[in-house]
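Peer 1: The amino acid sequence is not available; the structure is as follows:
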């Protein structure tokens, strides 16, 4: 390890570390604009200049490898003068926009101008002006503010895999843009706003809405997909104004998807803020809570347990699913289901439905097989991890399913189960790659499992993993990529019908009249037309498909409006925090179920969230271990059967609208119009 001296202090650094990283290791602040920890080194802002002994001039510390015996000084008069000169050059053409700039109060240029800048300007000529670029409905551009750090170009090319941004022109005429007028088509494009150190790229939906010091900031968990990205929700009063990423190296690093960031405007639209019941004329009319609960109670008490069914939705937290499960058990109902997509895979073994290697484990894989999945749309942060692994080199990636652009090269091995059979039997050369790999990995998606033969495919994929060496001591490369934030937690609770039954069996019972009441807990992704003449109770927070079919509506709370637990696709238990309160008469979901249980004479054994959490962790102990990646025990699961050779299809066709919140979002609707409409026209 190289040893160098910085400001008179000796420090050992890892081989290949830069002088800037060595300074940070000692807690010495080095200003920078172009340098970013997760991007390649550009070395073009020159703000990070330091003085090196025996060097004739200051040098850029971000691009200078730390060497043995190097003597570095970071605060000499020469360095201070150089930094003032760099800052003065950057501000020559920068407009005085701070009072109207959305980056104000969070701007690296502001902060470093105060700390390292000059107190006056000497440039008397006209400032340069640059035409703004159209990057789509999500990103607002004021390109005159751009300091040409090229962070946005490097992020789009290296992390997002959308090589659509670039620099053209030279010197003072250099501009950042897309060459041709087009929107940035990445699902991670919102992160360009975060990497931009000035106000050149800002959030278009958030423009001129608030200043950062006006906002109440709450650290919580995202539910737009099953990754469980760590986020910060910024709210003013009762309105969520923006969502930003939080650092979590093992889950989302410091990125979030565009749906996570921009769908928050859907939280205040089409909300259910009071109970409803369907009157004799068949219309939903507002009513009081006692009236709504009494209507549900009358229906429940008049039916045997076998005639009751409950379906939990994709955004449900662990607590309300647990409360509903206990209530349905007390009523004698065997019909509980959380797999809205109709998947029938075996949920009896935890390793059978988790992303066992962990999201960070993708970095250790040397062969990856994708089966029936498009991670770019189903989990953009997982796709970014795979791309990161590909950029590091030494990995082979195969795909069984529909051909899609994943932002990295893949070997298309086939479209359906026959291709998997060829690999398993050794008829495809990819089988040898899996057998010879040190850390082989398979990612199994809903496109393969959400079929009538999903249980059989699940069984055969376990055999596939065992025969090709994907599961071994110290490594489990069998991964299921869940689509829904609430799915893994509900499966941990066993919220599935007994005897291998599934959603199709609930449909059949409802259509035949055997099921008299169906309780929808935020379930909006089901075929409500197959519920027959059953009495439908919908408990949720948006007026979507479930509410349209309901006979009684009980308004619940969205994920930003409650303290709750969520389990991500890798089985990591994470805690969400309340940022705002539910609107109107809406209540937290566990409270609604607690009140209903008392009304039907099956009072649940808790009166507070703390008591509920205690009861939950006693029954399922791993819910008490927050933010730990679990190691699920491997065991036999699944049941064999006939596999249909029909090719796999992808469950997510429209990335921007996959749940009730994103469907209510005006911003997401604009994205559909901007990005999906041309594709539809081309298909037609």
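Peer 2: Arrived safely, thanks for sending. The structure presented is a predicted model; accordingly, all values stated were derived computationally and were not measured.

Peer 1: What are the neighbouring residues in contact with residue 219?
Peer 2: Neighbour list for residue 219: 230, 231, 232, 246, 577 [criterion: Cβ atoms under 8 Å, 6 or more residues apart in numbering]. Just so you know, the C-beta spots here come from the backbone N, C-alpha and C atoms, and that holds for glycine as well.

Peer 1: Make a markdown table out of these and add pLDDT and neighbour count.
Peer 2: As requested, these are arranged in a markdown table below (pLDDT from 0 to 100; neighbours: other Cβ atoms under 10 Å):
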| residue | pLDDT | neighbour count |
| --- | --- | --- |
| 230 | 97 | 21 |
| 231 | 97 | 26 |
| 232 | 97 | 17 |
| 246 | 96 | 16 |
| 577 | 97 | 15 |
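
Peer 1: Residue 413 falls within a helix, correct?
Peer 2: No. Residue 413 is assigned strand when assessed by DSSP: H, G, I helix; E, B strand; the rest coil, not a helix.

Peer 1: Would you confirm that it contacts residue 424?
Peer 2: No. Contact criterion Cβ atoms under 8 Å: residue 413 and residue 424 do not qualify, at 11.7 Å.

Peer 1: Quick check: the gap between the closest residue in space to residue 238 that isn't next to it in sequence and residue 590.
Peer 2: Nearest non-adjacent residue to residue 238, counting by Cβ to Cβ, 6 or more residues apart in numbering: residue 580, 5.1 Å away. For residue 580, the distance to residue 590 equals 18 Å [Cβ to Cβ, to the nearest Å].

Peer 1: And those two? Which one has more around it.
Peer 2: Taking other Cβ atoms under 10 Å, residue 580 and residue 590 do not tie; residue 590 has more neighbours (27 against 20).

Peer 1: Contacts for the strand or helix carrying that one next, please.
Peer 2: Residue 590 is part of helix 589-599 when elements are defined by DSSP states H and E. Contact with helix 589-599 is made by 289, 293-294, 296-297, 316-317, 319-320, 323-324, 327, 330, 521-522, 539, 554, 556-557, 562, 603-604, 606-607, 609, 612, as judged by Cβ under 8 Å, 6+ apart.

Peer 1: same question for stretch 535-551, mean pLDDT?
Peer 2: Across stretch 535-551, the average pLDDT comes to 95.

Peer 1: And that stretch, what's buried?
Peer 2: For stretch 535-551, a neighbour-count test (16 or more other Cβ atoms under 10 Å) marks 535-547, 549-551 as buried.

Peer 1: First-to-last residue distance for that stretch?
Peer 2: The first residue of stretch 535-551 is 6 Å away from its last residue (Cα to Cα, to the nearest Å).

Peer 1: ditto for stretch 100-111
Peer 2: Taking Cα to Cα, stretch 100-111 runs 17 Å from one end to the other.

Peer 1: Just say helix, strand or coil for the closest residue to residue 88 other than its chain neighbours.
Peer 2: Spatial nearest neighbour of residue 88, excluding adjacent residues (Cβ to Cβ, 6+ apart): residue 118 at 5.1 Å. Three-state call for residue 118 (three-state DSSP): coil.

Peer 1: so who does residue 118 touch?
Peer 2: Shown in contact with residue 118 (Cβ under 8 Å, 6+ apart): 84, 87, 88.

Peer 1: Spatially nearest residue to the second one (excluding sequence neighbours)?
Peer 2: Put plainly, it is residue 87. Of all residues not flanking residue 87 in the chain, residue 117 sits nearest, at 4.1 Å (Cβ to Cβ, 6+ apart).

Peer 1: Roughly how far does that neighbour sit from residue 393?
Peer 2: According to Cβ to Cβ, residue 117 and residue 393 sit 41 Å apart.

Peer 1: And the two? Which one has more around it.
Peer 2: Set residue 117 next to residue 393 and count neighbours by other Cβ under 10 Å: residue 117 wins out with 20 against 6.

Peer 1: Do I have it right that that one meets residue 91?
Peer 2: Yes. Between residue 117 and residue 91 there is a contact at 7.2 Å, judged by Cβ under 8 Å.

Peer 1: Helices of the stretch 301-450 of the chain, start to end?
Peer 2: Applying DSSP state H, counting those that start in this stretch to the stretch 301-450 of the chain gives helices spanning 318-330, 375-378, 380-392, 417-424, 430-436, 446-449.

Peer 1: Please tell me how far the closest residue to residue 156 other than its chain neighbours sits from residue 176.
Peer 2: Closest residue to residue 156 apart from its sequence neighbours, by Cβ to Cβ, 6+ apart: residue 165 at 4.6 Å. Applying Cβ to Cβ, the value for residue 165 to residue 176 is 6 Å.

Peer 1: joint contacts of the two?
Peer 2: Common contact partners of residue 165 and residue 176 (Cβ under 8 Å, 6+ apart): 152, 153.

Peer 1: ok so, going back, give the contact list for the residue nearest to residue 156.
Peer 2: Each residue near residue 165 by Cβ under 8 Å, 6+ apart is listed here: 152, 153, 156, 157, 176, 177, 178, 184.

Peer 1: rerun at 10 Å
Peer 2: With contact set as Cβ atoms under 10 Å, 6 or more residues apart in numbering, residue 165 has these partners: 133, 135, 150, 152-157, 176-179, 184, 186, 189, 192, 201.

Peer 1: swap in residue 21?
Peer 2: Residue 21 makes contacts with 13, 14, 30, 35, 37, 61, 62, 65, 66, as judged by Cβ under 10 Å, 6+ apart.

Peer 1: switch to 7 Å and redo it
Peer 2: residue 13 (Cβ atoms under 7 Å, 6 or more residues apart in numbering).

Peer 1: ditto for the one 5 residues further on
Peer 2: With contacts defined as Cβ under 7 Å, 6+ apart, residue 26 is in contact with 6, 9, 11.

Peer 1: Which pLDDT value belongs to the residue lying closest to the first one once chain neighbours are set aside?
Peer 2: This means residue 6. Among residues not flanking residue 6 along the chain, residue 72 sits closest, at 4.5 Å (Cβ to Cβ, 6+ apart). On pLDDT, residue 72 comes in at 94.

Peer 1: quick one, phi/psi of residue 51?
Peer 2: In terms of degrees, to the nearest 10, the main-chain angles of residue 51 are phi -100, psi 130.
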